[in-house]
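Novice: coords below, sequence missing:
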């Protein structure tokens, strides 16, 4: 199991596999996914919510979500690590999942997409990066003072399989046609996604890699502040490989303007990524990592995935999603987007402080 291999050889393999993730993301874009959006947890769950008719925004079935979860499932079964787990503050995970969606849709991308935007030459993402690092760093202060989501417990395997089965059933509905909104598998339209079978196949590989390495954008950012640096190096390798493949396919454009599905309001890019750094740390992983953990059998992570899905739907229904810049308009966050990010920054920090106070009030033997 690569994630548990502390040897230099194991870490080198993990870095090389993370580099392969960058190539996979770039290949998905070359195959038809939106620019700098080869793999994005929140954006794809938002599209999936539209396919389920939970909002009137983009209605695109994203097989990448299913592929990542099932790839993680298959890998965890192969290495005999698939164990049903649950019981770790599921309600908090759900709410933090919603908050991650709100922050991501104001920034227009989850932390995993931020890495792709960095590699694609989007300078707006480079400006937002310090906000994400600050959020992870601030969350680390709360963790060192006693913040915890508690410990998951081993549960029947049926609980761990519930999330992957739900996602697999959506693929069945998609293939049957006529149930999910948006273009079906036989559509001749040109929606913003790679052909479904290729997207599914590449995402299966990505899910296996993500499970094998335990890669997480939040964990990589945490290593900026100390500890082993291998996952931080892996993130740099992902960005670098993505940049190379993207440039080779003629899709790299360095600058602030003309970037796909972005906006240039630096303040709200920074603040929304600050929120994502906080929530991802407090929830135990970035949005893509939550999908991977759900595939591995973590029922609480699947609850977080549900929160992100609902958050994506509400962000569109309540007009919280930022407007992407075009040649004719600068785009940027909506008034509602600014309000929700500001309020959530206060509420999430208050929640973490309350958790620290509660943890310190417990006798040492009772602390998780």
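Specialist: Yes, it's here. Please read all numbers here as calculations on a predicted model, not as lab measurements.
Novice: what residues sit buried inside the helix or strand residue 133 falls within?
Specialist: Taking DSSP states H and E as the definition, residue 133 sits inside helix 123-144. Residues of helix 123-144 classed as buried: 123-125, 127-129, 131-137, 139-140, 142 (neighbour count, 16 or more other CB atoms under 10 Å). In short, each C-beta sits where N, CA and C put it, glycine included.
Novice: how about the strands in the protein?
Specialist: Assigned strands in the chain, in chain order: 85-86, 153-154 (criterion: DSSP state E).
Novice: so which elements touch the first one?
Specialist: It stands for strand 85-86. strand 153-154, helix 157-176, helix 299-317 (3 or more CB pairs under 8 Å, 6 or more residues apart in numbering; DSSP states H and E).
Novice: any chance of these in CSV, with distance to residue 90, mean neighbour count and mean pLDDT too?
Specialist: Shown next, in CSV, are the helices and strands packed on strand 85-86 (distance: least, CB to CB, whole Å; neighbours: other CB atoms under 10 Å; pLDDT from 0 to 100):
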stretch, distance to residue 90, mean neighbour count, mean pLDDT
strand 153-154, 12, 12, 90
helix 157-176, 11, 16, 91
helix 299-317, 4, 25, 97
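Novice: make TSV out of those and add distance to residue 252.
Specialist: Shown next, in TSV, are these (distance: least, CB to CB, whole Å):
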stretch	distance to residue 252
strand 153-154	46
helix 157-176	32
helix 299-317	28
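Novice: to residue 48, which of those lies closest?
Specialist: Proximity to residue 48 (CB to CB) singles out helix 299-317 among these, at 6.4 Å.
Novice: where in the chain is pLDDT low?
Specialist: Scanning the chain with the threshold set as pLDDT under 70 gives 1, 184, 186-191, 364-368.
Novice: how about 50 then?
Specialist: The model of the chain has pLDDT under 50 over residues 188, 368.
Novice: mind naming the longest helix for it?
Specialist: For the chain, the longest helix by residue count, based on DSSP state H, is helix 335-361.
Novice: would you mark the buried spots in that one?
Specialist: Within helix 335-361, the residues that count as buried by 16+ other CB under 10 Å are 337-338, 340-341, 344-345, 348-349, 351-352, 355-356, 359.
Novice: point out the other helices and strands that it packs with.
Specialist: helix 90-107, helix 123-144, helix 266-283.
Novice: now for the first one, which elements pack on it?
Specialist: Okay, so that is helix 90-107. With contacts taken as 3+ CB pairs under 8 Å, 6+ apart, helix 90-107 sits against helix 41-51, helix 266-283, helix 287-296, helix 299-317, helix 335-361.
Novice: what do you get for the longest one?
Specialist: When contacts are defined as 3+ CB pairs under 8 Å, 6+ apart, helix 123-144 sits against helix 111-119, helix 217-222, helix 266-283, helix 335-361.
Novice: so how far is stretch 66-79 from its chain's centroid?
Specialist: Distance, stretch centre to chain centre, for stretch 66-79: 17 Å (CA atoms, centre = their mean, to the nearest Å).
Novice: also stretch 348-359?
Specialist: Remark: stretch 348-359 is offset 24 Å from the chain centroid, using CA atoms, centre = their mean.
Novice: contacts for it next, please.
Specialist: Stretch 348-359 is contacted from outside by 92, 96, 99, 138-139, 142, 145-148, 275, 278-279, 282, 367-368, using CB atoms under 8 Å, 6 or more residues apart in numbering.
Novice: go ahead and name everything in contact with the helix holding residue 133.
Specialist: Contacts for helix 123-144 (CB under 8 Å, 6+ apart): 107, 109, 111, 114, 117-118, 147, 217-218, 221-222, 224-225, 254-256, 259, 262-264, 266, 269-282, 349, 352-353, 355-356.
Novice: which among those count as buried?
Specialist: Buried, going by 16+ other CB under 10 Å: 107, 109, 111, 114, 117-118, 147, 217-218, 221-222, 259, 262-264, 269-282, 349, 352, 355-356, out of the contacts of helix 123-144.
Novice: between the helix holding residue 133 and helix 90-107, how many degrees?
Specialist: 160 degrees (axes from the mean of the first three to the mean of the last three CA atoms, to 10 degrees).
Novice: next one: residue 160 from residue 166, what distance?
Specialist: Separation of residue 160 from residue 166 (CB to CB, to the nearest Å) stands at 12 Å.
Novice: surely residue 222 meets residue 281?
Specialist: Yes - judged on CB atoms under 8 Å, residue 222 makes contact with residue 281 at a distance of 7.3 Å.
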